[in-house]
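Asks: Sequence first, then the predicted structure, then my questions.
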Amino acid sequence: MKKSVEKAYQIAELIIRVFEIGLSFFIVIGIFVEGILHAKRLWKVTYEGELQSFQIFLDNVLLYIIGLEVAMMFVKREPNIMVDILIFAIARKMIIDTSKGIDFLFGAFAILILYIVKCYGIRCILLPGYFRRAANSPDSNPHSSDAQSSG
């Protein structure tokens, strides 16, 4: 009974994983097609010199970067990618929509916090010694007998 439940769980996980990869493939294709269309529009913006059109172009390009990061998150499943998505989203908001200085300051502060989290991690900031010892152990388990005898 337990093996059949585990097998069903593995099959469901595989189906979800295939769906995620397929979804990320369609996201990348859509971004690629829209990128080509926006490259043609950039030619028009360059020669007409419309600032409004350039802001729309920049807004869309930053949205495409966020879309690519989401597709990469589906494929790689790394926590740092989620932080990257948040950084890009805040940067996009700051570039496109920020008109007040306090909004820009809050955005910069949020990006600073996200970079600290990305570089050092929440666990390393809160419990720095514990996770360094765990990373040095052979099986990365600080409670194993090997890690306790060597430390």
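Replies: It's in. The structure displayed is predicted, hence computed values, not measured ones.

Asks: drop to CA atoms for contacts and neighbour counts, all remaining ones
Replies: Noted.

Asks: quick one: which helix or strand includes the closest residue to I66 other than its chain neighbours?
Replies: Counting by C-alpha to C-alpha, 6 or more residues apart in numbering, I66 lies nearest to I85, which is 5.9 Å off, once chain neighbours are set aside. Using DSSP states H and E, the element containing I85 is helix 79-97.

Asks: Give the buried residues for that helix.
Replies: 81-95 (16 or more other C-alpha atoms under 10 Å).

Asks: which residues of this protein score low on pLDDT?
Replies: Residue ranges of the chain with pLDDT under 70: 45-46, 48-54, 98, 122-151.

Asks: residue contacts, R41?
Replies: F57 (C-alpha atoms under 8 Å, 6 or more residues apart in numbering).

Asks: chain center to the helix or strand containing it: distance?
Replies: Using DSSP H and E, R41 falls within helix 2-48. Offset of helix 2-48 from its chain centre (C-alpha atoms, centre = their mean, to the nearest Å): 14 Å.

Asks: Mind checking what helix or strand follows that helix in sequence?
Replies: helix 51-76.

Asks: Okay, buried residues for that following helix please.
Replies: For helix 51-76, by 16+ other C-alpha under 10 Å, it's 53-54, 57-75.

Asks: contacts for the helix holding I85?
Replies: Contacts with helix 79-97, where a contact means C-alpha under 8 Å, 6+ apart, come from 55, 58-59, 62-63, 65-66, 69-70, 72-73, 103-104, 107, 110-111, 114, 118.

Asks: so how many other residues sit close to W43?
Replies: The number of residues packed near W43 is 11, by other C-alpha atoms under 10 Å.
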